[in-house]
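*Asks:* Next come a sequence and a model predicted from it.
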Amino acid sequence: MTRRWTVAVVALLVAGSATGAATCGEQLGSSLRRVESTRYAIAYRIEPAPIVVGRHFVLELAVCAKDGAPPPQSLRVDAQMPAHRHGMNYRPGVTTVAPGRFRADGLLFHMPGQWEFVFDVGANGKTERLSSPIDIE
Amino acid sequence: MTASLPRRQSLANGRGRLAKPLGVAFALLAWSASPQADAPAPVTFTEIERTRILAHGPWPRPATRDPSNRMSGRAEAVAFGERLFFDTRLSQNGLVSCAACHQPKRHWTDGRERAIGLAVVDRNTPSLQNVRDARWFGWDGAGDSLWGQSIRPLLDPREMGNSIAGVAARIREIADFACHYRQAFGRAPPADDTVVVVDAAKALAAFEETLDSPRTPFDEFRDALSRGDSQAMARYPAAAQRGLKLFAGRGRCELCHGGPTFSNGEFNDTGIAFFIEPGRVDPGRYGGIKQLKVSEWNLLGAWSDDPARTTATSTRYVALEHRNFGEFKVPGLRDVAMTAPYMHNGSLKTLDDVVNHYSELPLDRLHADGERLLVPLKLTPDEKRDLIAFLESLSAPDPGFQRRETRAAVCN
């Protein structure tokens, strides 16, 4: 009995990690923003929302590996203004909350305009970059 | 001003990638009290311009307290801080006070290119008006709290030139200081010199937090725009309206000079020379971050009164980058017409000089590291006049500073 439950739980976890963008980060609640590549899906929540120019904010993130991709082991978070070719004046600190769950502290946008979050997902010694644009006024 | 973008990204053309489709345009029928000098011209603001204009208020803003300073907002500390601020006896030679450079009659600056304390300092004296809104303090942001920043000039050999022990001794030994310290802190100045100096700095900060600038003609216009009162809006001169449109629109000054104080509180290289003298360079923000990280007074240190360090987020995560070299703090623009000369070294004498600087911007002087934020605005003479009319509308007649200590001079 115990063994059957264990297999079932493992199967659910595998299924959960393989479903990709649609269900990734459900545990983070509502108002999620999403971005995906062929190998990873990221869902993230901004806290507090909306972002206010000149005020620090936090990202709570879920990174889900798609079929065949290794589970995410690390995450680096940054942001930039592509039109201006500059980034933030702050380097966010990322902590692992649980497998595939991260929290990025210390972000601050110091100008209005179009920003772009940059997420570097690390696994098995390789890094994959995903980016997600966001307009700030 | 610090920011601009190419004309191809002007609001009239949809602001390039940064813009959403323009929404409702707000037409303002301009009216002028002196039509011969300021011909009526309809000024329209796009929705995004309107959003940014409204973000400059409301003014005044609510009182706030600094969690890192337990004396913030306390009347006894404000009174003690004011007394210290105007008293020369905290300086090494007993001749220089904070008010020597931060003069009330000059909107808390001194009118000089570079400050002069016991010697000539490297930078221009920044105004203290609205200083409570800052995230970083000083042209290089080496301070992350107003109380921490208030310690620096006491000890700088070119400013007040004292020492920790010297300041503490004066506060203990001068009966008036010791009495007001006791009133503010509920105990006599203790034996620990550093405790006394940090406390004095927190009292100074409590006073400096009260130095808010008054409402201006711009604020009247901004509030009228907010409530859609076209009659009140029309009282704002047409030239200032056109200048405001330039400021919020094509000039993109808002990128750095946004918000109620007209500053985003951060740092930029704006093409001002950073040689202090031949062979000596002012590293600006680069040096400021390095100083901040090792300062025992920073908000991550033991002297903050904020146990959760909620105010230390910026200090914890600020990044030191090569591009910080030659960056200086974006100053607020309230009362800007009253605080000449301008820029970190006081090298631009008038608002005309400042507007001309951004119009012709020496790109070869920028330490941009590939950044594409600043470009020459290439303003016409009329546009320059309009921009200056707007900047002048950010100032109000000086209401005059009345010292509180005269009302409670006796301390027993």
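*Replies:* Ah, there it is.
*Asks:* in the stretch 151-300 of chain B, which ranges drop under the pLDDT threshold?
*Replies:* Per-residue confidence of the stretch 151-300 of chain B (counting by pLDDT under 70) places no residue in a weak region.
*Asks:* show me where it has strands.
*Replies:* Counting by DSSP state E, counting those that start in this stretch, the stretch 151-300 of chain B has these strands, from start to end: B:267-268, B:275-277, B:280-281.
*Asks:* looking at those strands, which is buried most?
*Replies:* Burial among the strands of the stretch 151-300 of chain B, expressed as mean neighbours by mean count of other C-beta atoms under 10 Å in any protein chain shown, is greatest for strand B:267-268, which shows a mean of 26. All C-beta spots, glycine's among them, are computed from the backbone N, C-alpha and C.
*Asks:* That one packs against which elements?
*Replies:* Packing partners of strand B:267-268 (3 or more C-beta pairs under 8 Å, 6 or more residues apart in numbering or on different chains; DSSP states H and E): strand B:328-329.
*Asks:* How about residues contacting the strand it packs on?
*Replies:* Under the criterion C-beta atoms under 8 Å, 6 or more residues apart in numbering or on different chains, residues B:126, B:136, B:138-141, B:263, B:265-270, B:272, B:284-285, B:343-344 lie in contact with strand B:328-329.
*Asks:* Where do the helices of the stretch 251-400 of chain B begin and end?
*Replies:* Ranges of helices within the stretch 251-400 of chain B are B:285-294, B:313-317, B:351-360, B:381-392, based on DSSP state H, counting those that start in this stretch.
*Asks:* Any buried residues in the second one, and which?
*Replies:* Taking 16 or more other C-beta atoms under 10 Å in any protein chain shown as the neighbour-count basis, helix B:313-317 is seen to contain the buried residues B:313-317.
*Asks:* before we move on, what about the last one?
*Replies:* The neighbour-count criterion (16+ other C-beta under 10 Å) identifies B:383-392 as the buried residues of helix B:381-392.
*Asks:* cool, the third one as well?
*Replies:* Going by neighbour count (16+ other C-beta under 10 Å), the buried part of helix B:351-360 is B:351, B:354-355, B:357-359.
*Asks:* From the residues you listed, pick the one nearest A:G125.
*Replies:* Checking those against A:G125 by C-beta to C-beta gives B:Y358 as the nearest, at 47.9 Å.
*Asks:* ok, B:Y181 touching B:V197?
*Replies:* No: taking contact to mean C-beta atoms under 8 Å, the distance of 11.3 Å between B:Y181 and B:V197 leaves them out of contact.
*Asks:* Find residues that contact each of these two.
*Replies:* Common contacts of B:Y181 and B:V197, defined by C-beta under 8 Å, 6+ apart, comprise B:I171.
*Asks:* Can you classify residue 118 by secondary structure?
*Replies:* In the absence of a named chain, this looks at chain A. The assignment at A:V118 comes out as strand when based on DSSP: H, G, I helix; E, B strand; the rest coil.
*Asks:* not what I meant, chain B
*Replies:* Local secondary structure at B:L118 is given as coil here, using three-state DSSP.
*Asks:* got any ranges where chain A has weak pLDDT?
*Replies:* Judged by pLDDT under 70, chain A has its weakly predicted residues at A:1-20.
*Asks:* where exactly do the strands run in it?
*Replies:* A:33-36, A:40-47, A:57-65, A:74-81, A:86-87, A:93-98, A:101-107, A:113-123, A:126-136 (DSSP state E).
*Asks:* Including mean neighbour count and distance to chain B, could those strands go into TSV?
*Replies:* Putting the strands of chain A into TSV (neighbours: other C-beta atoms under 10 Å in any protein chain shown; distance: least, C-beta to the nearest C-beta, whole Å) gives the following:
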stretch	mean neighbour count	distance to chain B
strand A:33-36	16	17
strand A:40-47	21	13
strand A:57-65	22	10
strand A:74-81	20	8
strand A:86-87	19	5
strand A:93-98	13	6
strand A:101-107	20	3
strand A:113-123	20	4
strand A:126-136	14	7
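*Asks:* Can you check which of the ones you listed gets nearest to B:E254?
*Replies:* Taking C-beta to C-beta as the measure, those were each checked against B:E254, and strand A:113-123 came out nearest at 9.6 Å.
*Asks:* which helices and strands sit right next to that closest one?
*Replies:* Taking 3+ C-beta pairs under 8 Å, 6+ apart as contact, the helices and strands that strand A:113-123 lies on are strand A:40-47, strand A:57-65, strand A:74-81, strand A:126-136.
*Asks:* Let me see the contact set for the closest residue to chain A within chain B.
*Replies:* Chain B approaches chain A most closely through B:Y317 (3.0 Å), counting by C-beta to the nearest C-beta. The neighbourhood of B:Y317, defined by C-beta under 8 Å, 6+ apart, consists of A:56, A:90-93, A:105-106, A:108.
*Asks:* 10 Å instead, please
*Replies:* B:Y317 is in contact with A:56, A:88-93, A:104-108, counting by C-beta atoms under 10 Å, 6 or more residues apart in numbering or on different chains.
*Asks:* and of the residues you listed, the nearest to B:A337?
*Replies:* Of all these, the one with the least separation from B:A337 (C-beta to C-beta) is A:N89, at 28.9 Å.
*Asks:* Pretty sure that closest one sits against B:V330.
*Replies:* No: the pair A:N89 and B:V330 fails to qualify as a contact (C-beta atoms under 10 Å) at a distance of 11.4 Å.
*Asks:* quick one: the nearest residue to B:L300 once chain neighbours are set aside from B:S145, how far?
*Replies:* Nearest-residue entry for B:L300: B:A312, 5.0 Å, with adjacent residues in sequence omitted and distances by C-beta to C-beta, 6 or more residues apart in numbering or on different chains. Going from B:A312 to B:S145 by C-beta to C-beta, to the nearest Å gives 9 Å.
*Asks:* next one: B:V318
*Replies:* B:V318 sits 14 Å away from B:S145, going by C-beta to C-beta.
*Asks:* Spell out which residues are contacts of both of these two.
*Replies:* The contact sets of B:V318 and B:S145 overlap at B:135-136 (C-beta under 10 Å, 6+ apart).
*Asks:* Of the two, give the one with the bigger neighbour count.
*Replies:* In terms of neighbours (other C-beta atoms under 10 Å in any protein chain shown), B:S145 is the more surrounded of B:V318 and B:S145; the figures are 30 against 24.
*Asks:* Confirm for me that that one is in contact with B:T311.
*Replies:* Yes: in terms of C-beta under 10 Å, B:S145 counts as a neighbour of B:T311; the distance is 7.4 Å.
*Asks:* what do those two both touch?
*Replies:* Contacts common to B:S145 and B:T311, judged by C-beta under 10 Å, 6+ apart, are B:66-69, B:135, B:299, B:304-305.
*Asks:* Can you work out which other helices and strands pack against the top helix by length along chain B?
*Replies:* With residue count as the measure and DSSP state H as the assignment, chain B has helix B:193-208 as its longest helix. Counting contacts by 3 or more C-beta pairs under 10 Å, 6 or more residues apart in numbering or on different chains; DSSP states H and E, helix B:193-208 is packed against helix B:75-86, helix B:146-155, helix B:164-173, helix B:175-185.
*Asks:* buried residues in it?
*Replies:* B:193-194, B:196-208.
*Asks:* got the contact list for residue 110?
*Replies:* This is for chain A. Taking C-beta under 10 Å, 6+ apart, one finds A:53-55, A:81, A:86, A:88-90, B:135, B:255-256, B:258, B:264-268, B:330 in contact with A:H110.
*Asks:* Can you look at chain B instead?
*Replies:* Contacts here follow C-beta under 10 Å, 6+ apart; on that basis B:D110 touches B:99-103, B:116, B:124-125, B:127, B:339, B:346.
*Asks:* Ok, which of the helices and strands packed on helix B:193-208 comes nearest A:Y40?
*Replies:* Between A:Y40 and the helices and strands packed on helix B:193-208, the shortest separation by C-beta to C-beta is 42.5 Å, and it involves helix B:146-155.
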